[in-house]
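>>> any chance you could fold what I've pasted below:
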Amino acid sequence: MDRGLIGAGTALPPLTVPVTRTLIVAGAIASRDFQDVHHDAELAEQKGSSDIFMNILTTNGLVGRYVTDFFGERAVLRKVAIRLGAPNYPGDSMVLSGSIGAFDGTTAEVRVVGTNSLGNHVTGTVTVTLPGPARVPEAEILPEAGT
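Numbers count the residues shown, from 1 in each chain. So this is what the prediction gives:
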């Protein structure tokens, strides 16, 4: 990524995440969240929900992925501060969008919003750091052809 092309105010491209029943259940299992509202529709309805819904740890992971997809595989998440709003139910989609609030060349603060058909599912900020430019050790530099 050319850091000269990004800075405060740069918008990240939106990411649409289909909210499937499988994503909700798999995210709950992967994060060891066995609350019935994340995998049992009947029990979720008995507790006042219209269906199962995504847990915060899955949302947190998706927000992190969104930011690191933009900045690249060498980016390191330093802080993720999110707040949940409208639930993510199966059959809906969440659209993540974001913008860089501050960037000093190595550390960026990104404002993120994830919306679904009910409104804002997640809002928050992510602080990410980027390493210095990659350097190839001298031992790995190949000689030019013909030398």
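>>> would you say residue 114 is within a helix?
No - if the criterion is DSSP: H, G, I helix; E, B strand; the rest coil, then residue 114 is strand and not within a helix.
>>> that one bridge partners, please.
For residue 114, the beta-bridge partners are residue 96, residue 122 (DSSP bridges).
>>> tell me how far it lies from residue 57.
Distance from residue 114 to residue 57, counting by CB to CB, to the nearest Å: 14 Å. Every C-beta, even on glycine, is put in place using the N, C-alpha and C of the backbone.
>>> okay, the two: which has more neighbours?
residue 114 (26 against 15; other CB atoms under 10 Å).
>>> what sits up against the helix or strand bottoming out on mean pLDDT in the chain?
Using mean pLDDT, DSSP states H and E, helix 41-46 stands out as the lowest-scoring helix or strand of the chain, at a mean of 92. The contact list for helix 41-46, computed with CB atoms under 8 Å, 6 or more residues apart in numbering, reads 36-38, 50-53.
>>> now with 6 Å?
Applying CB atoms under 6 Å, 6 or more residues apart in numbering, the set of residues contacting helix 41-46 from outside is 36-37, 51-52.
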